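Undergrad: Could you look at this predicted model? Sequence included:
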Amino acid sequence: MKQAPDDIDWTDDTPLRLKDAATRAFPNGGMTPSGLRREAERGNLVIERIANKDYVTMKAIAEMRQRCRLKSKPNPAENWRARRSDPPDPLGRTPTQVAQDRALLLLDKRK
């Protein structure tokens with residue numbers, strides 16, 4: 001690999017080969033050129049192919065990282081509170097009681 005000159009004015013839009021970009025964006029390792037290609041196949045990363053060589057920008061990697069962020073899982077306690085804040089049944093019945101009453105009505109109709 002050829003060393004880049006120090007006098008280049010690097011920006012977030014400077015095209016980098018995938019190996020160099022992976023090293024810069026993930027200095028502790030963990031991402032390889034093949035990993036970046038996989039993310040491009042998934043639609044998370046924009047890669048430029050010039051003269052049959054793949055390039056990526058640091059800006060594109062930042063956008064990929066944003067797309068790959070995991071959403072936090074909902075807190076079960078908060079879900080319970082949300083369910084509890086639903087308007088109560090006018091007769092004060094629980095959802096189980098409402099279902100039982102519906103089943104009894106269906107049975108009465110069949111008789």
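TA: Everything's here; your move. Numbers count the residues shown, from 1 in each chain.
Undergrad: and the next element down the chain from the lowest-mean-pLDDT helix or strand in the chain?
TA: Least confident helix or strand of the chain, by mean pLDDT, DSSP states H and E, is helix 76-84 with a mean of 62. Using DSSP states H and E, the helix or strand that follows helix 76-84 in sequence is helix 95-110.
Undergrad: Tell me the secondary structure at D9.
TA: Under DSSP: H, G, I helix; E, B strand; the rest coil, the three-state class of D9 is coil.
Undergrad: Tell me the backbone dihedrals of it, please.
TA: Here is the backbone geometry of D9 (degrees, to the nearest 10): phi -90, psi 90.
Undergrad: mind listing what it touches?
TA: D9 is in contact with no residue at all, counting by CB atoms under 8 Å, 6 or more residues apart in numbering. (C-beta placed from N, C-alpha, C; glycine too.)
Undergrad: Could you measure from it over to R69?
TA: 30 Å (CB to CB, to the nearest Å).
Undergrad: A62 too?
TA: From A62 over to R69 (counting by CB to CB), the distance is 11 Å.
Undergrad: Which of those two has more residues huddled nearby?
TA: It is A62, of A62 and R69, that has more neighbours when counted by other CB atoms under 10 Å, with 11 against 7.
Undergrad: what helix or strand is the more buried one on?
TA: Per DSSP H and E: A62 is located in helix 58-68.
Undergrad: List every C-alpha atom in the host helix or strand of K19, with coordinates, as PDB.
TA: Here K19 is covered by helix 18-25, with elements defined by DSSP H and E. What follows is helix 18-25, C-alpha atoms only, in PDB (Å, rounded to 0.1, in the frame of the first residue of the first chain):
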ATOM      1  CA  LEU A  18     -12.000   0.400   1.400                       C
ATOM      2  CA  LYS A  19      -9.000  -0.900   3.300                       C
ATOM      3  CA  ASP A  20      -7.800   2.600   4.200                       C
ATOM      4  CA  ALA A  21     -11.300   3.700   5.100                       C
ATOM      5  CA  ALA A  22     -11.900   0.700   7.400                       C
ATOM      6  CA  THR A  23      -8.600   1.500   9.100                       C
ATOM      7  CA  ARG A  24      -9.400   5.200   9.500                       C
ATOM      8  CA  ALA A  25     -13.100   4.800  10.500                       C
END
